[in-house]
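Novice: The sequence and its predicted three-dimensional model are supplied below.
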Amino acid sequence: MRRSPSLVLSACLLVSATAQAAKQDSITLCFERQDVRPWRTLDGGGLNFELLNEVARRTGITFDYQSMPWKRCLEQLRSNQVDGAFAVSFTRDRIGLGAYPGVAPSTGAAVADPQADPAKRMHTDTYVLVRRRGSQLEWDGKSFRHVDGRIGFQLGYSVGDFLRLQGVALDEGSQRPDELAEKLIAGRLAGAAMGGGDAIRMLRGPLGNRLEVLPVPLVEKPYYLVLSNAWVTRNPQLAARVWDAIEQVRTSPGYRQRERDYAAAARRKLVDTGVTAQAKGGGSH
């Protein structure tokens with residue numbers, strides 16, 4: 001049976017449109033290739049994945065998660081090689097990386113005082129200062145005292161911007177929190193800025209009896225899903241739906257209870273390790 005050319009053309013257009021829709025509704029997201037509890041683990045566990053998976057269910061899109069070193073993740077976001085990255089803190093220097101909720105893609109630098117919308121955040125997290133046990137290094141919430149070396153932090157992490165404002169000498173050559181802990185114990189660092197969960201893990205590990213966390217947090221920040229400029233330019237309405245869904249899921253009673261459960265577990269671990277710092281979760285960037 002001979003098919004009409006118009007029917008063949010219609011079928012081809014339908015297949016093409018379906019493939020394009022499927023491609024459009026699949027978002028490739030990169031994240032740091034290490035466990036950052038309670039937010040995420042390399043096997044897809046943690047609150048970040050719980051939140052994003054519920055966002056996917058509500059919006060009908062599919063997230064394709066790819067782990068990689070953090071700086072590579074940010075560079076692939078900047079060059080539109082991935083559609084988004086999480087969890088990314090906001091700084092003005094990072095506006096060119098991609099689109100934050102509340103900051104227009106590509107044009108954000110032209111705004112006098114651009115600010116990401118904290119209502120659309122994935123979570124809030126805290127950095128703490130770790131020192132060798134017995135060290136005289138102090139942080140009172142405003143300034144450092146008795147700094148006898150460099151303050152270390154992980155490569156590409158935004159806490160470096162905060163530390164630079166304090167005018168202290170820095171070391172950003174470490175990829176992982178355990179590298180920072182080893183440098184501390186070896187006397188190569190005066191202190192290290194770590195996410196709360198990473199600090200807990202270090203204190204509960206084999207190096208813990210040689211480390212301690214100062215009670216006053218360094219800084220607390222919101223963290224976001226940042227979408228690539230190219231993807232948001234193509235899909236502005238879908239991007240808005242994704243960020244709206246993040247807010248809706250994060251503020252839902254079920255998810256808030258999950259956050260409280262994780263926070264309570266973290267507090268118990270802090271008590272177990274003798275730490276009174278207000279560390280809420282894992283390392284963030």
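Specialist: Looks like it came in fine. Numbers count the residues shown, from 1 in each chain.

Novice: If you drop the residues flanking it in sequence, what lies closest to the residue nearest the centre of the chain?
Specialist: Closest residue to the average C-alpha location of the chain: residue 87 at 2.2 Å, with C-alpha atoms, centre = their mean. Distances taken as C-beta to C-beta, 6 or more residues apart in numbering put residue 223 closest to residue 87, at 3.6 Å, once the chain neighbours are dropped. Backbone N, C-alpha and C define where each C-beta goes, glycine included.

Novice: circling back: spit out the contact partners of the residue nearest to the centre of the chain.
Specialist: 31, 39, 40, 48, 122, 123, 125, 223, 224, 225, 284, 285 (C-beta atoms under 8 Å, 6 or more residues apart in numbering).

Novice: still on that earlier bit, surely the residue nearest to residue 87 meets residue 123?
Specialist: Yes. In this structure, residue 223 is within contact of residue 123 by C-beta atoms under 8 Å, at 5.6 Å.

Novice: all helices for the stretch 51-200 of the chain, in order.
Specialist: Secondary structure of the stretch 51-200 of the chain by DSSP state H, counting those that start in this stretch: the helices cover 70-78, 159-165, 177-185, 196-204.

Novice: can you redo these as JSON lines with distance to residue 144?
Specialist: Converted to JSON lines, the helices of the stretch 51-200 of the chain look like this (distance: least, C-beta to C-beta, whole Å):
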{"stretch": "helix 70-78", "distance to residue 144": "25"}
{"stretch": "helix 159-165", "distance to residue 144": "9"}
{"stretch": "helix 177-185", "distance to residue 144": "15"}
{"stretch": "helix 196-204", "distance to residue 144": "17"}
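
Novice: and those as a markdown table, adding distance to residue 237 and mean neighbour count?
Specialist: Output for those, formatted as a markdown table (distance: least, C-beta to C-beta, whole Å; neighbours: other C-beta atoms under 10 Å):
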| stretch | distance to residue 237 | mean neighbour count |
| --- | --- | --- |
| helix 70-78 | 21 | 20 |
| helix 159-165 | 32 | 16 |
| helix 177-185 | 39 | 21 |
| helix 196-204 | 35 | 25 |
